[in-house]
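# What follows is a predicted protein model with its sequence.
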Amino acid sequence: MTNIVILDHVLGDERRRRIWDFLDQPGWKHGAYSAAGPDAPRYFYKHFAGYQTSAHEDRDAEANAAELAMMAPLVAEVWQDLLRKPLRHQRLSRCYANMLPAGIGGGVHLDSDCKDHLTAIYYPQPDWCADHGGETLFFNRQASEVIKAVVPKPDRLVIFPGTIPHAARPIYGGAPDATRITLMFKTLGRGA
């Protein structure tokens, strides 16, 4: 897969709501960051399965899927659905959720340096207005130009190679109480 793929109406509104309700519960940890350095903005996260610090951790994809089923059965159901079509031929390396409160965004980063590693971001929020921001921006290799902006519409999934530089933009524009919650599946190709 070489493109950024956007899929809408992925789970349907009932399942999207169940995922939102599950994620929008207490239990968030603070301290995740996407850009390096001591001044990088920190945000909230929930880790469900797979490596926690580095993709170089010795983790087995089947064990990651089993860990996900144990830690978050509802999210594991979504993973199984994604394996049937958009992520066919992929294996799970990591699954987690991020929550960015209003005014906090992420830095430009890569998810992987391997071309067959994919990232799938699911947007479960109940509604969204483009004026609120929160887009996922994708950049050229030098991170000097935006090549695509994805608005976090409800029940949307974006899949892309982990080698594409990207960043989460903060929520703004009159949405001071809004949060940006995303559910991430990091994957490896079957041959990896």
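All right, it came through fine. Residues are numbered from 1 along each chain as shown.

# Let me see the contact set for the closest residue to residue 32 other than its chain neighbours.
Excluding the flanking residues, the one nearest residue 32 by Cβ to Cβ, 6 or more residues apart in numbering is residue 45, at 4.0 Å. Every residue, glycine included, has its C-beta placed from N, CA and C. If a contact means Cβ atoms under 8 Å, 6 or more residues apart in numbering, then residue 45 has 28-32, 96-99 as its contacts.

# ditto for residue 182
97-98, 121-124, 152, 168.

# Check the residue nearest to residue 32 and give its pLDDT.
Per-residue pLDDT puts residue 45 at 92.

# go on, residue 174?
Looking at residue 174, the pLDDT reads 66.

# Same check on residue 33?
For residue 33, the pLDDT comes out at 77.

# quick revisit: out of the contacts of residue 45, which sit inside helices?
Members of the contacts of residue 45 lying in helices (criterion: DSSP state H): none.

# Okay, now the sheet partners of the lowest-mean-pLDDT helix or strand in the chain, with direction.
Least confident element among the helices and strands of the chain, by mean pLDDT, DSSP states H and E: strand 29-32 (a mean of 86). Partners of strand 29-32 in the sheet, by DSSP bridges, are strand 43-50 (antiparallel).

# following the partner strand, which helix or strand shows up next?
With elements assigned by DSSP states H and E, the helix or strand that comes after strand 43-50 is helix 61-71.

# List the contacts of that following helix.
Contacts for helix 61-71 (Cβ under 8 Å, 6+ apart): 48-50, 75-76, 79, 91-95, 188.

# I'd like those laid out as JSON lines, including neighbour count.
Converted to JSON lines, those look like this (neighbours: other Cβ atoms under 10 Å):
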{"residue": "48", "neighbour count": "22"}
{"residue": "49", "neighbour count": "26"}
{"residue": "50", "neighbour count": "23"}
{"residue": "75", "neighbour count": "23"}
{"residue": "76", "neighbour count": "20"}
{"residue": "79", "neighbour count": "23"}
{"residue": "91", "neighbour count": "17"}
{"residue": "92", "neighbour count": "27"}
{"residue": "93", "neighbour count": "25"}
{"residue": "94", "neighbour count": "22"}
{"residue": "95", "neighbour count": "26"}
{"residue": "188", "neighbour count": "21"}
